[in-house]
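>>> Sharing a sequence plus its predicted fold:
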Amino acid sequence: MYLTNFGVVLIFFIIGALFVAAGLFAAALVRPKNPTEEKLMTYESGEVPIGSPWIQFNNRFYIIGLAYLIFDVELALLFPWVIVYKELGWPAFWAMVIFLIILILGLVYDWAKGYLEWDKPEPVIPKLDELIIKRQKKD
Amino acid sequence: MEHNFIFDLVGNNIWAYLITATIPLIFVTLYALVAILGELKIASWVQDRLGPMRTGWKGVLQPLAEVVKLLQKEDITPKNVNKPLFNVSPFVMFTGSFAAFAVIPYSSKFIPADINVGLFYVFAVSSFAVIGILMGGWSSNNKYSMLGGIRSAAQMISYEIPMALSILAIAAMANSLSITEIIKSQDGGIWNWFIFGGPGPIWKIAFFPFIIILFLVYFIGSLAETNRTPFDIPEGESEIVGGYHTEYSGMKFAMFFFAEYANMYVVSALVTIMFLGGWNSPFGDFLNGPIWQFFWFISKAMFFVFIQIWLRWTLPRVRVDQLMYITWKVMLPFAFIAFMGIAFWAMLNPTIIK
């Protein structure tokens, strides 16, 4: 019987899934089951749901997803680099610094173009003198 | 398998593998009970009230009562859900967070799976949570769940990048991605921990600011990764009811809950491994046997679990625009600069064996 360390990782995946299955099964033995029409309704604060939730959502999420994708590919390149660059010496170090600076320029571009801005609430702050004038008029 | 005492006891057979995987499962279960009680008691401490007092002595049996309650709850699957995804989501969530336990050590004599890309592996399986939350949020066919799922995905992928940069900086200092190697390169007392620059000559003090930045980036990012306050926008109960788990009830909800607590331990253990010397005693070789290492590792990790719970009851929730501002405009530039600084330091440091 011989497994590598990655075999142990696989066992962890299996045991984790089995644990969830066992938990759900144990609950199925003891819990009640009497569904009614109201219970099976989609929850929307007690109202009858209107429309489908599978709608078009704010496309800022999409832009964030794209930005993430770019940086994640860069991270996938950095993981092997970070282990070997000390053996390769200074040229490897400076090459990656140039690469990172180009990426940071990309971030600066995103920032300057306003792709990272999110909708901000614009609070209406009441002005004190206006309030005072209103009260004086009432009097 | 030289880092696993089970193999010395039982021999190299299937039982050894099963025991190796079961001990962390039992540990997660016990830890979750302790953490739920801790959460309740710390909440009551912060808010100046007593907390649960009726179940057992001072309410210590409360988490068990909660488990029994969740077991007996009716499991409602609403009519309009996408059934396959709805049912698979709790599996993905819990299996993902439990799989991270495969590489988290307890002491130098018990590391379940000592793989050579440990940190990278933890980083990879922590992304399971994004998939699980999106599956649960989308398949529920509920507006709150959908909003929670999308918000959560945006939040978790955004915070992953600064976190990965601090993981990379640690890998540069330790010259390895293996968790065992990272901890071993921090032995010899508190001054050699990576939060103090790791082993090296005294002028490592010049690089302290970079390490402190990376530590803060990692810790704040891990708070966001576990969806806990102040970053609990995905499940903000005052805005979108329960977020991605609005439609879940009974044991399926319990699995989401369980996965959240398991994740809290995983990120705390990673902070311990990466910055606070893992199982190493702060006094060098003094009190550094395998049993003591167990004690040191668990206490350091539980300390960070405590800080997470403490922060939850102290800080208000951030807004979505503030959340994105923090990660893209504050943490990411700082993490880039700090990462380059640390990579430079690792290049200069004469104690790293190249």
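Right, received. Where do you want to start?

>>> quick one: low-confidence ranges for chain A?
Filtered on pLDDT under 70, chain A yields the residue ranges A:1, A:121, A:131, A:134-135, A:137-139.

>>> what separates the nearest residue to residue B:135 once chain neighbours are set aside from residue A:3, distance-wise?
Leaving aside its sequence neighbours, residue B:135 sits nearest to residue B:89 (C-beta to C-beta, 6 or more residues apart in numbering or on different chains; 4.3 Å). Just so you know, the C-beta spots here come from the backbone N, C-alpha and C atoms, and that holds for glycine as well. With distances taken as C-beta to C-beta, to the nearest Å, residue B:89 is found 29 Å from residue A:3.

>>> Buried ones in whichever strand or helix holds residue B:94, by neighbour count?
Remark: residue B:94 resides in helix B:83-99, with elements defined by DSSP states H and E. If you call a residue buried by 16 or more other C-beta atoms under 10 Å in any protein chain shown, then helix B:83-99 has these buried ones: B:85-99.

>>> Spatially, which two of the residues you listed are the most separated?
B:86 and B:99 (21.5 Å; C-beta to C-beta).

>>> Need the three-state assignment for residue A:3.
coil (DSSP: H, G, I helix; E, B strand; the rest coil).

>>> Please name the residues that touch residue B:340.
A:97, A:100 (C-beta atoms under 8 Å, 6 or more residues apart in numbering or on different chains).

>>> State the pLDDT value of it.
At residue B:340, the model reports a pLDDT of 88.

>>> Tell me the buried residues in the one helix or strand it maps to?
Element membership for residue B:340 (DSSP H and E) is helix B:332-348. By neighbour count on 16+ other C-beta under 10 Å, the buried set for helix B:332-348 is B:332, B:334-343, B:345-347.

>>> That helix: how far from the chain's middle?
Helix B:332-348 sits 24 Å away from the centroid of its parent chain (C-alpha atoms, centre = their mean, to the nearest Å).

>>> Alpha carbons of that helix, as PDB, please.
Below are the C-alpha coordinates for helix B:332-348, written out as PDB (Å, rounded to 0.1, in the frame of the first residue of the first chain):
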ATOM      1  CA  LEU B 332      -3.000  46.100  -4.600                       C
ATOM      2  CA  PRO B 333      -0.400  49.000  -5.200                       C
ATOM      3  CA  PHE B 334       1.000  48.600  -1.700                       C
ATOM      4  CA  ALA B 335       1.200  44.800  -2.100                       C
ATOM      5  CA  PHE B 336       3.100  45.200  -5.400                       C
ATOM      6  CA  ILE B 337       5.600  47.600  -3.900                       C
ATOM      7  CA  ALA B 338       6.100  45.400  -0.800                       C
ATOM      8  CA  PHE B 339       6.400  42.300  -2.900                       C
ATOM      9  CA  MET B 340       9.200  43.900  -5.000                       C
ATOM     10  CA  GLY B 341      10.900  45.100  -1.800                       C
ATOM     11  CA  ILE B 342      10.800  41.600  -0.300                       C
ATOM     12  CA  ALA B 343      12.000  40.000  -3.600                       C
ATOM     13  CA  PHE B 344      14.900  42.400  -3.500                       C
ATOM     14  CA  TRP B 345      15.700  41.500   0.200                       C
ATOM     15  CA  ALA B 346      15.500  37.800  -0.600                       C
ATOM     16  CA  MET B 347      18.100  38.500  -3.400                       C
ATOM     17  CA  LEU B 348      20.400  40.200  -0.900                       C
END
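
>>> My read is that residue B:321 contacts residue A:60, right?
No: if you go by C-beta atoms under 8 Å, residue B:321 and residue A:60 don't touch, sitting 9.9 Å apart.

>>> residue contacts, residue 72?
In the absence of a named chain, chain A is used. Taking C-beta under 8 Å, 6+ apart, one finds B:157, B:160-161, B:164 in contact with residue A:72.

>>> Correction: the question concerned chain B.
A:27, A:30-32.

>>> Can you name every helix or strand that the next helix or strand after the helix holding residue B:94 contacts?
Counting by DSSP H and E, the next helix or strand C-terminal to helix B:83-99 is helix B:118-125. For helix B:118-125, the contact count by 3 or more C-beta pairs under 8 Å, 6 or more residues apart in numbering or on different chains; DSSP states H and E identifies helix B:83-99, helix B:143-174, helix B:179-184, helix B:250-275 as packing neighbours.
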